[in-house]
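[1] sequence first, predicted model second:
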Amino acid sequence: MIPLFNPHLIRGVSVTLYVRTDTGERDAFGRAVVTETPTVIENVLVQPLQRTTDVPTESVNITGEKTSYILGIPKTDAHDWKNCRVSFFGDTFRTESAEWQGIEAMIPGDWNRKIVCRKYD
């Protein structure tokens, strides 16, 4: 019998996540100063976004940026991916603040979270 889903057939790519760390200092405008540390995350799924089905229309922004990809985050990763820079395929993107997470035990494969990233032109 052939299994319906074989998680070993799907592989992700390496994505550089720029982890944000608050330095505890404030700039001249009172905003927190953060540093970004590049961290390579293995086995991240990268899916081109289909606007009509994947993201609600209210997330369309009038400033002209384009939604580019949905990233499937591995179950083993504990980083905070919200509002961070990521780079893959030779480009840099910014993730959104919304992240979807499924019940780990109920989802086959190595991924249970996803987040949208945008490329700003």
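    That came through fine. Numbers count the residues shown, from 1 in each chain.
[2] leaving out the residues flanking it, which one is nearest to residue 93?
    residue 117 (3.9 Å; C-beta to C-beta, 6 or more residues apart in numbering). Any C-beta I mention is one placed from the backbone N, CA and C, and that applies to glycine too.
[3] that neighbour sits in which helix or strand?
    strand 111-119 (DSSP states H and E).
[4] tell me the mean pLDDT over that strand?
    In this model, strand 111-119 has a mean pLDDT of 91.
[5] give the contact list for the closest residue to residue 70 other than its chain neighbours.
    In space, and not counting its chain neighbours, residue 70 is closest to residue 47: 4.6 Å by C-beta to C-beta, 6+ apart. With contact set as C-beta atoms under 8 Å, 6 or more residues apart in numbering, residue 47 has these partners: 69-72.
[6] which one of these sits closest to residue 18?
    Each of these was scored against residue 18 by C-beta to C-beta, and residue 71 proved nearest at 13.6 Å.
[7] would you say the closest one is within a strand?
    Yes - Residue 71 sits within a strand when classified using DSSP: H, G, I helix; E, B strand; the rest coil.
[8] so it sits against residue 86, correct?
    Yes - contact criterion C-beta atoms under 8 Å: residue 71 and residue 86 qualify, at 7.1 Å.
[9] many thanks, have a good one.
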